[in-house]
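Undergrad: here is a sequence with its predicted model. Questions after.
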Amino acid sequence: MKVGIAGSLESNDVLVTVRPSESLIIDIHSIVDLLFHDQIEKVVRDTLKEKNIDKLEVTIEDKGALDYTIRARLLTALRRMGDEK
């Protein structure tokens, strides 16, 4: 199974794991979940929509990352999933 991983569990970062799926599944674990869950999910959905991806399992382990960090980690994880042989 192809898996792409990017990021870390350091403060102000996010660990993003992506793998193929039959549907879109977004699993978010965040230290700021009560305040920013919807915003984190929006960043993930918008990024996937730009890439025309609608079938993927995305796991987000957030430690307070800003939107641009979440987006960058997701794009890197997607690239790494595609580069796997």
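TA: Received the coordinates, thanks. Nothing here was measured: the structure is a model prediction, and the numbers come from that model.

Undergrad: output the below-cut-off pLDDT ranges for this protein.
TA: 1, 84-85 (pLDDT under 70).

Undergrad: in stretch 76-85, which residues are buried?
TA: 76-78, 80-81 (16 or more other CB atoms under 10 Å). C-beta here means a position set from N, CA and C on the backbone, and glycine is covered the same way.

Undergrad: show me these that map onto helices.
TA: Among these, the residues falling in helices (DSSP state H) are 76-78, 80-81.

Undergrad: redo these as JSON lines? Include distance to D27.
TA: Listed next are those as JSON lines, based on distance: CB to CB, whole Å:
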{"residue": "T76", "distance to D27": "18"}
{"residue": "A77", "distance to D27": "13"}
{"residue": "L78", "distance to D27": "16"}
{"residue": "R80", "distance to D27": "18"}
{"residue": "M81", "distance to D27": "16"}
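
Undergrad: and those, which is closest to S30?
TA: Nearest to S30 among these: A77, at 16.5 Å, using CB to CB.

Undergrad: so where do the helices sit in the chain?
TA: With DSSP H as the criterion, the chain has helices spanning 33-50, 67-83.

Undergrad: all set now, cheers.
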